[in-house]
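Engineer: Kindly return the folded structure for what I paste below:
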Amino acid sequence: MRIPTLLSALVLLAAASTANAQGRPVPADPQVPKARTGATYTSEQSAAMADAAREKTEALERARDKRMKTLTRGICTGC
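Structural biologist: The predicted structure follows:
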């Protein structure tokens, strides 16, 4: 009695996982974002964009550090 019960449970489990794996049908014309192909940047423009990205990242990191310092001030009394 255990073997047929176990076998039927495995069959149901396999059938359920196969049904989930099929997913939704793909539309005929998917909206895929187009890649930029015509834009080229000079070295100065690339450097300026890299500097802007670095400054933005550093500003976010400083803001996060300030929040964490404020948050942990009540927890940590220093070493």
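Engineer: From now on I want contacts and neighbour counts done on CA atoms only, so please keep to that.
Structural biologist: OK.
Engineer: This structure: helices as residue ranges?
Structural biologist: Assigned by DSSP state H, the chain shows helices spanning 2-22, 43-73.
Engineer: Quick check: which of the ones you listed is nearest to Gln31?
Structural biologist: Closest approach to Gln31 among these is made by helix 2-22 (20.8 Å; Cα to Cα).
Engineer: In JSON lines, list the helices of the chain along with mean neighbour count, distance to Gln31 and mean pLDDT.
Structural biologist: Shown next, in JSON lines, are these (neighbours: other Cα atoms under 10 Å; distance: least, Cα to Cα, whole Å; pLDDT from 0 to 100):
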{"stretch": "helix 2-22", "mean neighbour count": "10", "distance to Gln31": "21", "mean pLDDT": "70"}
{"stretch": "helix 43-73", "mean neighbour count": "12", "distance to Gln31": "28", "mean pLDDT": "93"}
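Engineer: separation between Thr57 and Arg67?
Structural biologist: Between Thr57 and Arg67 the computed distance is 15 Å (Cα to Cα, to the nearest Å).
Engineer: And Ala39, by the same measure?
Structural biologist: 39 Å.
Engineer: again, but for Arg2
Structural biologist: Per Cα to Cα, Arg2 is found 59 Å from Arg67.
Engineer: List the contacts of Ala39.
Structural biologist: By Cα atoms under 8 Å, 6 or more residues apart in numbering, the contact list for Ala39 is empty.
Engineer: What confidence value was assigned to it?
Structural biologist: Ala39 is assigned 76 on the pLDDT scale.
Engineer: cool, Ala35 as well?
Structural biologist: You'll see Ala35 listed with a pLDDT of 64.
Engineer: how close does Lys69 sit to Ser8?
Structural biologist: To Ser8, Lys69 is 58 Å away according to Cα to Cα.
Engineer: swap in Gln31?
Structural biologist: 42 Å.
Engineer: likewise Tyr41?
Structural biologist: Tyr41 is 63 Å from Ser8, where distance means Cα to Cα.
Engineer: Please apply the same query to Ala52.
Structural biologist: To Ser8, Ala52 is 61 Å away according to Cα to Cα.
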